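# starting from these lines, generate the structure:
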Amino acid sequence: MPIYEYRCEECGQTFDKFVRSMSAQFVVKCPKCGSQRCTKSISLFASAASSSPSSLGASCAPSG
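Residues are numbered from 1 along each chain as shown. Presented below is the predicted three-dimensional model:
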């Protein structure tokens, strides 16, 4: 089940929308103001690790 991120063009609110099917037709409404003027945002993958060089080489494998 895909999750899409949207941004309301009226009030600037960002929100997620769960979609049962990628081919299904659905109406996107802002949960804050109710506007249908919403645009799909580009989602970035979240990462708990920092982007410092020392953390990029870390893994679950034993070292040594």
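# which residues touch Phe26?
For Phe26, the set of contacting residues under the criterion of Cβ atoms under 8 Å, 6 or more residues apart in numbering consists of 17, 19. C-betas here are computed from N, CA, C, even on glycine.
# shaky segments in this protein?
Across the chain, the ranges flagged by pLDDT under 70 are 1, 22-24, 43-64.
# which SS state does the closest residue to Thr14 other than its chain neighbours fall under?
Setting aside the residues directly before and after it, Thr14 is nearest to Arg7 in space (Cβ to Cβ, 6 or more residues apart in numbering), at 5.0 Å. Look at Arg7: counting by DSSP: H, G, I helix; E, B strand; the rest coil, its state is strand.
# then Cys33?
Applying three-state DSSP to Cys33 yields a three-state assignment of coil.
# on that earlier part again, ok, the residue nearest to Thr14 touching Ser41?
Yes - with contact defined as Cβ atoms under 8 Å, Arg7 counts as touching Ser41 (5.1 Å).
# identify the contacts common to those two.
For the pair Arg7 and Ser41, residues contacting each of them under the criterion Cβ under 8 Å, 6+ apart are Thr14.
# mind listing the helices for this structure?
For the chain, applying DSSP state H gives helices covering 53-56.
# can you show me the strands along it?
Listed in chain order, the strands of the chain (DSSP state E) span residues 3-8, 14-18, 38-40.
# relative to Cys30, which of these is closest?
For the strands of the chain, the distance to Cys30 is smallest for strand 3-8, at 3.8 Å, taking Cβ to Cβ.
# report the buried residues of stretch 33-46.
Judged by neighbour count using 16 or more other Cβ atoms under 10 Å, the buried positions of stretch 33-46 are Cys38.
# hmm, I typed the wrong one, I wanted stretch 15-24.
Neighbour-count burial for stretch 15-24, counted by 16+ other Cβ under 10 Å, picks out 15, 17.
# outside of that stretch, which residues touch it?
When contacts are taken as Cβ under 8 Å, 6+ apart, the neighbours of stretch 15-24 outside the stretch itself are 1-6, 8, 26, 28, 30-32.
# put the buried members of those residues into a PyMOL selection.
Once 16+ other Cβ under 10 Å is used to decide burial, the buried members of the contacts of stretch 15-24 can be selected in PyMOL as follows:
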select buried, resi 4+6+8+28+30
